[in-house]
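Undergrad: just to be clear, the model below is a prediction. Sequence and coordinates:
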Amino acid sequence: MTGPTLAVEELDDRVVVTLRRPEARNAINAAMVRELHDVCTVLEERPRLLLLTGDGGVFAAGADIGELRERGRDQALQGINSRLFDRLARLPMPTVAAVDGYALGGGAELAYSCDIRLASPAAVFGNPEPGLGILAAAGACWRLRDLVGASVAKQVLLAGRRLDADDALRCGLVAEVVPAGDLLKRAHALLDRMARSAPLALRLTKLVADAPGGHPVTDDLAQAILFESTDKQTRMDAFLAGDRP
Ligand code: COA
């Protein structure tokens, strides 16, 4: 499934996607948007974990500015990036972004749309959109606030603050900072940990955790489905029989 802007590795329990436009620091262009939609289709049809990363010491340097310059009101209203990032955020199984180097503009928003982020010491998150005369319209204005709080989010969105790896760790944007050489290994270990859980339990937990507002009925309904699952039975039987990881 590998295309011109992505390397895609499909494994049994996960899909690994590497952004790969070295000539443009992995900037997100229309082709990459299309290919990422294709990845979403695959993961919606057969839910698996997703590991998203960037090639060449960069996550993604934003939306492609050459393409953005040509877009007008109608393209903005199509929500080219925002719909993609919403679709990624709503993927059935957990997603992890492994960020080495720049994650700017739309690249940062792409990372914000994942469930968990890991960073190398060279990671830099920022939303310099107002400097280009636009706003960060693919989720940064609300996702970043949810992730780090309004104060830090506004420093990034309004004052051009860039969060380096330590900043990102301190404000909870990333789970961990690991040397670039270990980043993918560590991300896979995190996915391994998630892969040990019951897939349906992970799926429903993500659905309930992301459900707007939160409501006990949602929790109960999701739990009702899981209480009837064979996986729950098997796993609890194993625990009670002394078979503990
Ligand atoms: N869109 C299109 N092309 C981009 C790009 C983007 N968002 N970011 C980088 N590129 C291109 C550059 O134009 C350059 O192309 P060229 O070699 O044909 O001149 C190439 O990628 C390398 O970029 P360069 O700036 O020389 O690399 P660098 O390592 O010195 O700096 C960045 C890296 C990320 C700091 C810098 O490229 C940058 O600031 N990019 C734009 C970030 C931004 O404003 N993003 C928000 C967009 S919404």
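TA: Ah, there it is. Residues are numbered from 1 along each chain as shown.
Undergrad: residues in the chain within reach of the ligand, list them.
TA: Contacts of the chain with the ligand, taken as Cβ under 6 Å from any ligand atom, map to 24-25, 27, 61-66, 102, 104-106, 128-129, 132. Yep, even glycine has a C-beta here, placed from its N, CA and C like the rest.
Undergrad: from those, list the buried ones, please.
TA: By neighbour count, with 16 or more other Cβ atoms under 10 Å, the residues of the chain next to the ligand hold 24-25, 27, 61-64, 102, 104-106, 128-129 as buried.
Undergrad: got those as a markdown table, with secondary structure columns?
TA: Converted to a markdown table, these look like this (DSSP: H, G, I helix; E, B strand; the rest coil):
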| residue | secondary structure |
| --- | --- |
| A24 | helix |
| R25 | coil |
| A27 | coil |
| A61 | coil |
| G62 | coil |
| A63 | strand |
| D64 | coil |
| Y102 | strand |
| L104 | strand |
| G105 | coil |
| G106 | helix |
| P128 | coil |
| E129 | helix |
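Undergrad: which one of the residues of the chain next to the ligand is nearest to Q75?
TA: Ranked by distance to Q75 (Cβ to Cβ), the residues of the chain next to the ligand are led by A63 at 11.2 Å.
Undergrad: one step back: tabulate the buried ones among the residues of the chain next to the ligand (TSV), appending distance to V152 and pLDDT.
TA: Below are those laid out as TSV (distance: Cβ to Cβ, whole Å; pLDDT from 0 to 100):
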residue	distance to V152	pLDDT
A24	28	98
R25	24	98
A27	25	98
A61	21	98
G62	20	97
A63	22	97
D64	27	97
Y102	18	98
L104	16	98
G105	17	98
G106	19	98
P128	16	98
E129	17	97
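Undergrad: these into a markdown table, with extra columns for distance to R244?
TA: Listed next are these as a markdown table, based on distance: Cβ to Cβ, whole Å:
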| residue | distance to R244 |
| --- | --- |
| A24 | 49 |
| R25 | 46 |
| A27 | 47 |
| A61 | 46 |
| G62 | 46 |
| A63 | 47 |
| D64 | 50 |
| Y102 | 43 |
| L104 | 44 |
| G105 | 46 |
| G106 | 44 |
| P128 | 49 |
| E129 | 49 |
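Undergrad: so which of those residues is the closest to C114?
TA: G106 (13.5 Å).
Undergrad: any idea which helix is longest in the protein?
TA: Identified as the longest helix of the chain according to DSSP state H is helix 30-45.
Undergrad: for it, name the packing helices and strands.
TA: Contacts defined by 3 or more Cβ pairs under 8 Å, 6 or more residues apart in numbering; DSSP states H and E place helix 30-45 against strand 6-10, strand 14-19, helix 80-89.
Undergrad: just give me the neighbour total for the residue nearest to A89 when sequence neighbours are not counted.
TA: Using Cβ to Cβ, 6 or more residues apart in numbering and skipping the chain neighbours, the partner closest in space to A89 is S113 (4.4 Å). Counted with other Cβ atoms under 10 Å, residues neighbouring S113 total 24.
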